[in-house]
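[1] Sequence first, predicted coordinates after that:
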Amino acid sequence: MRASTYPLIDAGEAAAFVLEHTPVLSVERLALAECAGRALAEDLVADAPLPAFPSSAVDGFAVRAADAGRTLRVVGESAAGRPFDGAIPPGAAARILTGGALPDGADCVVMVEDVQLAEDQVTVPPSLRPGANYHKVGDDVRAGDRILTAGTQLGAAEIGIAAATGLAQLPVRRRPRVALMSTGDELVEVGKRLGRGQIPDSNRWALLAALREAGAEVHVLGIAPDEPEPLRRLVVDALEDADALVTSGGVSVGTHDLVKPLLESLGTVHIGRVKLKPGKPFTFATIGIHAPLPDPLPWGERERKVAFGLPGFPVSSLVTFEVFVRPALRKMQGFAQVQRPTLPVRLAYEAKPTADRTEYQRVTLRREGRELVAETTGSQSSSRLMSLAGAHALVRVPAGEQGLKAGSIVEAMILGLP
């Protein structure tokens, strides 16, 4: 063992630093079918109004309000995609279906259930109002309106708006390409027979799921050897195409913990320890810039790449992912909202603090009336993955001597609602 030379950094300061030093990725134009879940890269401004023509909101008859109370001659029909050809003269009406274009000359639509129909004549009620029962030009969107802002996550409604305004492609930020690697000679592929002192490589699969949920395209490197040169070759080759490196394990202070020395040789390690429980050994580095190397990196100085060294304990790995990595990946993709949502919850237990580190405790949530009540998931050991399985939220407990009493209202980072 050796003493760490990295200062302990406040968890909040570390999270802000990571975001500040994470680049936003380039823009690509994609067909609408490929845009779901992506972040819009530019504001969208409407070139034309929506709707582009006045259209009926109901099935009925297009008439002139001045003909209220009269029996009118039915002179034709306007259906969606098949408009009435011509203008409605005084004393006449045109049958109109929902979505049909309002004929010239008509200034209102009367619903079919409000009229009396006899062959080719229709009697309309005595009270008609100009503008009734049809959508005016630009009711939804006017030409020049900003319809979507950069950073918006594109879902069904947003893609529908883009399609309605005639956009077949959208500018979006590309997804980050992430190289994912586990370190440790004690690790064995899941499903293989374990020898004495060996454990399955569970972190890789947990992090793979977390990375994909965060929008990353993942290149799985597998289990890296605990030897400096093979580890270096693996990482340098992987970063030829990747924007980010995520490692699990190898960031503590043991003589076989090689990730920090490797990152120091490839770039700048900005964060080596954080005041966080679980997750003290979290590491953040930038690669490919300010790196005086005897053997230049193959990708040169073209762009900044980032590296996240996550602790080996399963819960530490996933909690540091939520606090540091997931927001950074969302920033890379250009999302305006990079953090998980938070909600006020009432603690049903006493949350004991750690003297010198912020702690994120795992909780389940239940509803009591209008409140969300948080229950601990049990032992908060950093090796106990069951404390995170099924958890709905993370509760931040500040460092110090005084914890959070049962009944306290606190903000919780929501992972998923019950």
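    The structure has been received and is ready for your questions. Numbers count the residues shown, from 1 in each chain.

[2] got the CA coordinates for stretch 363-383 in PDB?
    Coordinates of each C-alpha in stretch 363-383 appear next as PDB, following Å, rounded to 0.1, in the frame of the first residue of the first chain:
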ATOM      1  CA  VAL A 363     -33.900   4.500  -0.300                       C
ATOM      2  CA  THR A 364     -37.200   3.100  -1.500                       C
ATOM      3  CA  LEU A 365     -40.200   5.400  -1.800                       C
ATOM      4  CA  ARG A 366     -43.900   5.000  -1.000                       C
ATOM      5  CA  ARG A 367     -46.800   7.500  -1.100                       C
ATOM      6  CA  GLU A 368     -48.600   8.600   2.000                       C
ATOM      7  CA  GLY A 369     -51.300  11.100   1.000                       C
ATOM      8  CA  ARG A 370     -49.500  13.800  -0.900                       C
ATOM      9  CA  GLU A 371     -46.100  12.900   0.400                       C
ATOM     10  CA  LEU A 372     -43.300  10.600  -0.700                       C
ATOM     11  CA  VAL A 373     -41.900   8.700   2.200                       C
ATOM     12  CA  ALA A 374     -38.300   7.400   2.100                       C
ATOM     13  CA  GLU A 375     -37.300   4.100   3.700                       C
ATOM     14  CA  THR A 376     -33.700   2.900   3.900                       C
ATOM     15  CA  THR A 377     -32.800  -0.200   1.800                       C
ATOM     16  CA  GLY A 378     -30.900  -1.600   4.800                       C
ATOM     17  CA  SER A 379     -27.100  -1.900   5.200                       C
ATOM     18  CA  GLN A 380     -25.400   0.800   3.100                       C
ATOM     19  CA  SER A 381     -22.200  -1.100   2.700                       C
ATOM     20  CA  SER A 382     -20.400  -0.200  -0.600                       C
ATOM     21  CA  SER A 383     -20.100  -3.800  -1.500                       C
END
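
[3] Could you tell me how far it lies from the centre of the chain?
    Its chain's C-alpha centre and that of stretch 363-383 lie 24 Å apart, by Cα atoms, centre = their mean, to the nearest Å.

[4] from what I can see Pro311 touches Phe321, true?
    No. Between Pro311 and Phe321 there is no contact under Cβ atoms under 8 Å: 10.2 Å. Backbone N, C-alpha and C define where each C-beta goes, glycine included.

[5] Low-confidence regions, this structure specifically.
    In the predicted model of the chain, residues 1-3, 251-256, 289-303 satisfy pLDDT under 70.

[6] How is it divided into domains?
    Domain segmentation of the chain under automatic domain parsing yields 8-26+175-332, 28-49+151-173, 55-135, 342-414.

[7] now the residue nearest to Thr165 when sequence neighbours are not counted: how far from Thr149?
    Leaving aside its sequence neighbours, Thr165 sits nearest to Ala46 (Cβ to Cβ, 6 or more residues apart in numbering; 5.4 Å). Distance from Ala46 to Thr149, counting by Cβ to Cβ, to the nearest Å: 13 Å.

[8] can you check Ala11 too?
    When Ala11 is compared with Thr149 (using Cβ to Cβ), they lie 30 Å apart.

[9] quick one: which of these two has more around it?
    Neighbour totals were compared for Ala11 and Thr149, and Ala11 leads with 25 against 11 (other Cβ atoms under 10 Å).

[10] what residues are up against Pro130?
    Each residue near Pro130 by Cβ atoms under 8 Å, 6 or more residues apart in numbering is listed here: 65, 107-108.

[11] Backbone dihedrals for it, please?
    phi -60, psi 140 (degrees, to the nearest 10).

[12] cool, the one 5 residues further on as well?
    The phi/psi pair for His135 (degrees, to the nearest 10) reads phi -90, psi 130.

[13] which residues touch it?
    When contacts are counted by Cβ under 8 Å, 6+ apart, His135 touches 51, 54-57.

[14] Can you tell me which of these is closest to Gln116?
    Proximity of the contacts of His135 to Gln116 (Cβ to Cβ) peaks at Ser56, which lies at 19.5 Å.

[15] Tell me, how many residues neighbour that closest one?
    Ser56, neighbours per other Cβ under 10 Å, totals 25.

[16] sorry, back to before: buried among the contacts of His135? Make that a PyMOL selection.
    In PyMOL, this line selects whichever of the contacts of His135 come out buried by 16 or more other Cβ atoms under 10 Å:
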select buried, resi 51+54+55+56
